[in-house]
Structures are given as structure tokens and as C-alpha cells.
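**Q** fold the following, please.
(one chain, ligands or ions: 1)
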Amino acid sequence: MTLPHPERPIRLLLVNPAFRESFWSFRWWLEMLPGKRAINLPLGLATLAGLCPPHWQVAIVDENVETLPLEPDADLVGVCGMGAQLERQREILGYYRGRGYRTVAGGSFASLCPEEYGDCADFVVAGEAEYIWPAFCRDFEAGTPQRLYRETGRVDLRDSPVPRYDLLDLNAYTTVSIQFSRGCPYRCEFCDIIVMFGRRPRTKTPEQIGRELDRLRARSVRSVFFVDDNLIGNKREAKRLLRYLIDYQGRHDYRFAFSTEVSLNVADDAELLELLRAANFTYVFIGIESPDEASLQETGKTQNLRRDMLAAVRAIYAQGIDVLAGFIVGFDNDTPETFDRQYRFITDSGIQVAMLGLLNALPHTPLYARLEREGRLLPRGIQGDNTKPATNIRPLRMDYEDMVRRYEDLFRRLFHPAAIARRIRVKMRHLRRPKPLAQYSKREQARIVRRLLVRGILPGGPPRLWSFLRTLAAASPEARPQVITDWIAGLAMRDYLRRHFGADPMRAERLVRGTADWLRRRYAASRPDGLPRITAVFENGRSELRLILRGHVGRVFPFRALRRLERMLRCSAAALSLRIEELSAGQPDQIRELLRRLEPYGQRVSIWTHEGLRHLLPVDSSTFHVVLDEPGS
Ligand code: SF4
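**A** A predicted model of the protein is given here:
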């Protein structure tokens, strides 16, 4: 166990675990944007760093943009995480704890379920951090830390510090996060936000936000996302903020493009919409969930009821503000016909980024409690990402398998290139001229368009090129960047779907089996000293090829194998696991080249290297899934 030296400042490492690839990681989208590696930065960790005693030495590692240090110079390691990061968060905590570091778990999932960390973290900080984190720091320094720090009251956000943006590489993110409020007045049955933050929105002062923007201005940031779950939860305070932002933007040459999440009733308030436009909000994310009144009623989404939701979306477009939205299928009221109604609504609304999810029950939500009472929770574990084709709920009026199949099919229909183009044309009919954005230089913009053409449009042949040109022709010159963005978003989602959804699992299985057989034959033929062990594994619908490399594996093996491995990964959702136990002289270069070529398959490639090889062959955990625990240990 590493103990802090009594006279030395505490060295704290804060870690944001890598997300497994999901819709939300927008990997293909990021590939289009020069220098960008993730969408959002870990704002919670930057805030936590701002709450540390000033004499502590704090570093932040975001595994989504940089590799995890395996032997950090730290007395304490804090690892945060949302539900979608739980597996990796636990793995990282366990790794560091096993090496004698003291570990503390936090983040939104630890706040909901602190009991999940008993075996991997020494301490858990659950709930809003502003008051309990400084208490933990004091106790840790005094050598009397408790096992659990839980916030049971509500934090006054005026006590929240300016986040330590200086500890992050802001250029690696497409947008920089900022927070004005916590809490939401509504009561959607599935929502964990109101469980964590309550139903009375609390806000920072506009001047606090001004100070945070000053820091971001000094770091040349241009795109800022308000992470509030509902920025207009308290409309009076939201308007006060927006008036402040308008004034701020005026004083600073309309420096920032803002975006945020709001509820659909934003469309009822013309003044609010005008203020959003005047402050330069370029898009809003809205939980629309369902076009069916009965489903909205069932889930308590009252703010979407008894209104023309299409008209509401168009009222927002009319201010030059784009709409991204969340949709859910799998409510008790939903039937097989629901999928068509969802398709029609999404098409008619022109919403391109339509995050369609299966209803999932998160622990401690009213939905979870109800389904538990009704005996309808399935033992599938917690689904942190609801855009996966699985849920922990037994549907009421549909067969489970049929629902999942229709869900995948709806996604595929929505992201067919013709459907992407149709939605763009619809949007262009209603979107008022957006304010010009200047996040990228002219040269970077040209590079983005070139990449989109080469990697996204031209591979679809003349029909896709024709669709693309028609959408450009339908837009005003000011709206063309929006058309480009929508194509990138649509094709990014299509790319994810192609690899993860509806892919014939038998095809993945056949490819893994075929690749394994081929490798075994070639290996035997090349007579290397150290035959690799090759295993094809099929578990829970997942197909994986496992390769164990030990000893001299032949000079040409990695390159011969590469083409087969690439084909397997490109043509299916299969995974690859490489366990590198031993290498002979000269082979690290070969393996490095192999890894370079496997980079496009990212977190689907798991790599474990023997501890003695880690300096010789460092593997970037922000690219691959670096296995931290020794299998079997
Ligand atoms: S509007 Fe959004 S944040 Fe508010 S309760 Fe509903 S889902 Fe939660």
C-alpha cells in the first residue's frame, strides 16, 4: 500500500475511463474532424480538481483521449464513471488497488449504487461533490478517511468552483462542457437525474458562468455545451443567464457557439427561443421519447403531452437552432405498430441525430421499482447505454426478441442514406438561416468536406453522391455547414449500426472460425518456434478470436495474419483479443506495425501484454481496450 509522505503534498490522479464504442462516442464523426478525439470532456473531474486543497498536486487522465499511466506517481487514484463506463471503471480501480495505490470511486453511477465498488475501491464518494469531497480530502490527509462519503442534502451551486480546465487538453474535444444548473422539475418515470439531483433546479450565478467562460476564452475555446439536463428547468433563471450571455457575447465578438439540453416546452415561449438564438445557441438536445400520447402519459413525460410536437420542433428550427433528440421504444403501451409511427415522426421532423433507445430500467428510478414489483426485470445486468439492442425489461405487449429485431430494423431504416438525405431536405425547409460558425478555419473546413466525400459519400456510388448534392442545393449558403454536419452525423450512426446492429451473428461466428482455422494452417506451414495459441470463443452472442503470442512467431506471421484479421473485424462485429506473453528480438517492431493497422477497430481489440514487455511495447488505452488484470488473476 502506497502511503503519502507526511510532509509531502498529496499527489492525486483522477481518471475518466474509456467508453466502449457506442452511438454516443461518434467515432466515425471524430475521424472527420482534425485533431479531435472525444465529444465531451470529463467536467466532473475538472470540478473535483477545483475542490481539492490548493497544495495538492492533481492530474487528470481522460482515457478517451490519452493512455492510462500504468505506474503513476500518485498517492491516491480517483476514478469516476457513468453506467456505460462501469465495467472499465471497476477494472481500473481494481488494477491500481492491486498495485498498492489507494483508490476512490465517484461519478454518477457510484452516486446511485455505491455498493457496486466494495471489491475494487478503498473509498466511495457518492452524490454531489462540493461539500463531501473537501471533507474526504481533509480526512485522507489526516489519515482518517471513511469508507463512504454520501451527500444526502442539496448543494448550493454558488459554492461550486471554476472547473480546472487547465488540467485538460481542450483541443482534443469537439465541445467543452460547462454547467449552469442541476435538477429538473419534471418526473419522467425512467429518469435517474431527478433521483440524483432532485426536482428543484439549482443554478450558478450568471457571473460564475462568466468567470468560467473567461477561462475558456483564454484557452481559445469556441464551442461550449451546457451539460444541464434541462437548462430551462427554471425559466426565470435561464432567461437571466441568457441575457447575461448575450451581453457577454457582444463584448467578446460572439466568440462562442453554445448548445445544451432542454425540454420540448421551450417552444411555448417565444421570448426564450429568441434569447437562445441571440446568445448563439446552435443546437439543443430534447427528450421527445415517443409520438404516442399514451406512452408519454405512461412514463410521466407530461411536458410533451397535448401538443403538436412537430410544430414545436419547427418553431425551434425557425430560430436557426438545430434539434437533436432522444426517442424510446419499449413502453408498456408500445406495440409493433409503434416503430412505424416513430419512423414517420423522425422523418417528418427532419431530426438527424435521433438517439433511439430501448427503454431500460436504471436502479433507484421509479420505473425500476415498479417493474421490480411487477416481476418484469430481466437478469441482464445494468444497461448503462440504452442504444444497445438489449434491455433489462420484459416488454408488456411485445415479444422481447421481436421488439429487439424491430428496434434494429427501425435504426437501419432511419440511417439508410436516402433517409438521411430526406431528413436533411425536410430540415432545410424549416431551418432559419443559422448564424455562421467559426470553430474551424477555412482550411480545416475544406479538409472535413474532403474526408466526408472520400470516406462517406463516394463509397456509396452515384446514388449517394446525387443525394448529397441535392441536399446541398436545397440549403442556403449559411445552412450548408449544417448539411455537412448532418451527413457526417447520419453516416457516423450508420457506420456504427453496420458493425454493431443486426449483423448476422452467424456471419461473425463463421468469420471467427474461418480466421482461426486459416491462422492455424499458416502457422503450421511457417514453422515458427513459438506456436501461438488460437482460440475461437462464442459467448452470449459475442464472437471473439483469441491469440496468445509467445516466443518467436515467425517474421511474416503478423503481416499474413493482419489481412485476415482486418477482414474479420471489418465485415462483422467480432472482437479480437491479443495476449502477448513473450517476444523475441526484432518482433516489437512487427507487433507495433500490426497494432497501427488495427487502430481503426479500436476498443473491439483487447490487448494484454506481459508486465515485462510494457515498456518495450506500450499500448495506447485510448485506442485499444488494454486489459489491465492478468486473466485468471
Ligand atoms: S425532462 Fe429530462 S431531465 Fe427532466 S425528468 Fe424528464 S428525462 Fe429527466
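
**Q** pretty sure residue 601 sits against residue 576.
**A** Yes. Proximity of residue 601 to residue 576 meets the contact threshold set by C-beta atoms under 8 Å, at 7.2 Å. All C-beta atoms are positioned from the backbone trio N, CA, C, and that covers glycine.

**Q** what touches both of the two?
**A** Residues touching both residue 601 and residue 576 (C-beta atoms under 8 Å, 6 or more residues apart in numbering) are residue 569.

**Q** where does the prediction get shaky in the stretch 301-450 of the chain?
**A** 380-386, 435-439 (pLDDT under 70).

**Q** where along it do the helices fall?
**A** 309-317, 338-349, 366-374, 400-414, 417-430, 442-451 (DSSP state H, counting those that start in this stretch).

**Q** equivalent analysis for the stretch 501-633 of the chain, please.
**A** Under DSSP H, counting those that start in this stretch, the stretch 501-633 of the chain gives helices at 505-526, 557-570, 587-598.

**Q** rebuild those helices as a markdown table, extending it with distance to the ligand, mean neighbour count and mean pLDDT.
**A** Shown next, in a markdown table, are the helices of the stretch 501-633 of the chain (distance: least, C-beta to the nearest ligand atom, whole Å; neighbours: other C-beta atoms under 10 Å; pLDDT from 0 to 100):
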| stretch | distance to the ligand | mean neighbour count | mean pLDDT |
| --- | --- | --- | --- |
| helix 505-526 | 33 | 16 | 82 |
| helix 557-570 | 36 | 17 | 82 |
| helix 587-598 | 38 | 16 | 85 |
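
**Q** got the buried residues for stretch 606-626?
**A** By 16 or more other C-beta atoms under 10 Å, the buried positions in stretch 606-626 come out as 606-610, 613, 617, 619, 621-626.

**Q** biggest separation within those, which pair?
**A** 610 and 622 (21.2 Å; C-beta to C-beta).

**Q** didn't residue 85 look like it was pressed against residue 106?
**A** No. With contacts counted by C-beta under 8 Å, residue 85 stays clear of residue 106, the gap being 11.7 Å.

**Q** which one's more surrounded, these two?
**A** Between residue 85 and residue 106, counted using other C-beta atoms under 10 Å, residue 106 has the larger neighbour count: 29 against 25.

**Q** in three-state terms, label the closest residue to the more buried one other than its chain neighbours for me.
**A** Closest residue in space to residue 106, ignoring its immediate chain neighbours: residue 125 at 4.4 Å, by C-beta to C-beta, 6 or more residues apart in numbering. At residue 125 the chain is in strand, as set by DSSP: H, G, I helix; E, B strand; the rest coil.

**Q** how about the residues of this protein near the ligand?
**A** 184, 186-188, 191, 193-194, 229-230, 263, 287 (C-beta under 6 Å from any ligand atom).

**Q** could you measure from residue 398 over to residue 489?
**A** 29 Å (C-beta to C-beta, to the nearest Å).

**Q** can you name the residue of the stretch 401-550 of the chain nearest the ligand?
**A** The ligand sits closest to residue 407 of the stretch 401-550 of the chain, with a gap of 19.7 Å, by C-beta to the nearest ligand atom.

**Q** now for that residue: which residues touch it?
**A** By C-beta under 8 Å, 6+ apart, the neighbours of residue 407 are 329-330, 339, 356, 358, 389.

**Q** switch to 6 Å and redo it
**A** Neighbouring residues of residue 407 by C-beta atoms under 6 Å, 6 or more residues apart in numbering: 329, 358.

**Q** and residue 57, by the same measure?
**A** Contacts of residue 57 by C-beta under 6 Å, 6+ apart are 9, 11.

**Q** pLDDT score for it?
**A** You'll see residue 57 listed with a pLDDT of 97.

**Q** for it, what are phi and psi?
**A** phi -100, psi 110 (degrees, to the nearest 10).

**Q** just grab the bridge partners of it for me.
**A** residue 11 (DSSP bridges).

**Q** same deal with the one 4 residues further on?
**A** In this structure, residue 61 has beta-bridge partners residue 15, where bridges are defined by DSSP bridges.

**Q** from memory it sits against residue 15, does it?
**A** Yes. If you go by C-beta atoms under 6 Å, residue 61 and residue 15 touch, sitting 5.1 Å apart.

**Q** so what's the residue count around residue 188?
**A** Residue 188 has 23 nearby residues by other C-beta under 10 Å.

**Q** helix, strand or coil for it?
**A** coil.

**Q** and the closest residue to residue 302 other than its chain neighbours, how far from residue 261?
**A** Leaving aside its chain neighbours, residue 302 sits nearest to residue 186 (6.9 Å; criterion: C-beta to C-beta, 6+ apart). Separation of residue 186 from residue 261 (C-beta to C-beta): 12 Å.

**Q** cool, residue 130 as well?
**A** 22 Å.

**Q** just residue 93 next, same as before
**A** 29 Å.

**Q** cool, residue 613 as well?
**A** Following C-beta to C-beta, the distance that separates residue 613 from residue 261 is 45 Å.

**Q** first-to-last residue distance for stretch 570-583?
**A** 27 Å (C-alpha to C-alpha, to the nearest Å).

**Q** over to stretch 199-212?
**A** 25 Å.

**Q** which residues are contacting that stretch?
**A** 157, 162, 178, 180-183, 185, 233-234, 237, 241, 244, 248.

**Q** could you rerun that using 8 Å?
**A** 154-158, 160, 162-163, 178-187, 230, 233-234, 237, 240-241, 243-245, 248.

**Q** buried ones in the helix or strand where residue 136 lies?
**A** In this structure, residue 136 sits in helix 129-142 according to DSSP states H and E. Judged by neighbour count using 16+ other C-beta under 10 Å, the buried positions of helix 129-142 are 129-133, 136-137, 140-141.

**Q** next structured bit after that helix?
**A** strand 148-150.

**Q** list the strands paired with that following strand, with their directions.
**A** strand 123-126 (parallel).

**Q** centre of the chain to the strand it pairs with, how far?
**A** Computed by C-alpha atoms, centre = their mean, to the nearest Å, the chain-centroid distance of strand 123-126 equals 23 Å.

**Q** cool, stretch 11-26 as well?
**A** 8 Å.

**Q** first-to-last residue distance for it?
**A** Per C-alpha to C-alpha, stretch 11-26 runs 33 Å from first to last residue.

**Q** so for that stretch, mean pLDDT?
**A** pLDDT averaged over stretch 11-26 gives 88.

**Q** buried residues, it. List them.
**A** 11-23, 25-26.

**Q** likewise stretch 277-296?
**A** 277-292, 295-296.

**Q** with adjacent residues omitted, what lies nearest to residue 121?
**A** Per C-beta to C-beta, 6+ apart, closest to residue 121 is residue 105, 3.9 Å.

**Q** beta-bridge partners for the one you found, please?
**A** Going by DSSP bridges, residue 105 forms beta bridges with residue 79, residue 124.

**Q** just want the residue of the stretch 1-150 of the chain that's nearest the ligand.
**A** For the stretch 1-150 of the chain, C-beta to the nearest ligand atom, closest residue to the ligand: residue 108, 12.8 Å.
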